[in-house]
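> Make a model of this:
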Amino acid sequence: IDMLLMYQDGDGDGYGNESSSMESCEQLDGYVDIAGDCNDEDANIYPDAEEIFYDGIDQDCSGNNDFDQDGDLPF
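All right, here's what the predicted structure looks like:
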C-alpha cells in the first residue's frame, strides 16, 4: 500500500499547511494532499485565490508585493 503525504487543512480551503503533515494510507478528515496554504486560519487565503491588491493581504500566497498590481516594481 502506498502511503499518502497529507497536510492539515485547518480552514477547509482545500490547501494544507506544509509544517503540519503526516503520512497515511487513506484520506483523513481535516487533511488534504495539496500543500502551500500560507495562512491556514483564513479560508480566503490560499494559492490560486484571487488577489485583492492594495489591501496589505497576500490572498494568493504568491509572496509578491501586494502594492504592485502591474508588476513594475523590482521587489
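> What strands flank the lengthiest strand in the chain, and is each parallel or antiparallel?
When secondary structure is assigned using DSSP state E, the longest strand within the chain turns out to be strand 17-24. Using DSSP bridges, strand 17-24 pairs in its sheet with strand 4-8 (antiparallel).
> just to revisit the earlier point, the helix or strand just after the longest strand of the chain - contacts with which helices or strands?
Toward the C-terminal end, the helix or strand that comes next after strand 17-24 (DSSP states H and E) is strand 31-32. When contacts are defined as 3 or more CB pairs under 8 Å, 6 or more residues apart in numbering; DSSP states H and E, strand 31-32 packs onto strand 4-8. No exception for glycine: its C-beta is placed from N, CA and C like everyone else's.
> change it to 10 Å
Contact partners of strand 31-32 among helices and strands, from 3 or more CB pairs under 10 Å, 6 or more residues apart in numbering; DSSP states H and E: strand 4-8, strand 17-24.
> Quick one: low-confidence residue ranges for the chain.
1, 74-75 (pLDDT under 70).
> can you tell me which residue is nearest the centre of it?
Taking CA atoms, centre = their mean as the criterion, residue 37 is the residue nearest the geometric centre of the chain, at 1.6 Å.
> That residue contacts residue 31, doesn't it?
No. The pair residue 37 and residue 31 does not pass the contact test of CB atoms under 10 Å, sitting 12.0 Å apart.
> Report the set of residues contacting both of those two.
Taking CB atoms under 10 Å, 6 or more residues apart in numbering as the contact criterion, the residues that touch both residue 37 and residue 31 are 7-9, 16-17, 20.
> biggest separation within these, which pair?
9 and 20 (9.2 Å; CB to CB).
> Mutual contacts of those two, please.
Counting by CB under 10 Å, 6+ apart, the shared contacts of residue 9 and residue 20 are 31, 35, 37, 40.
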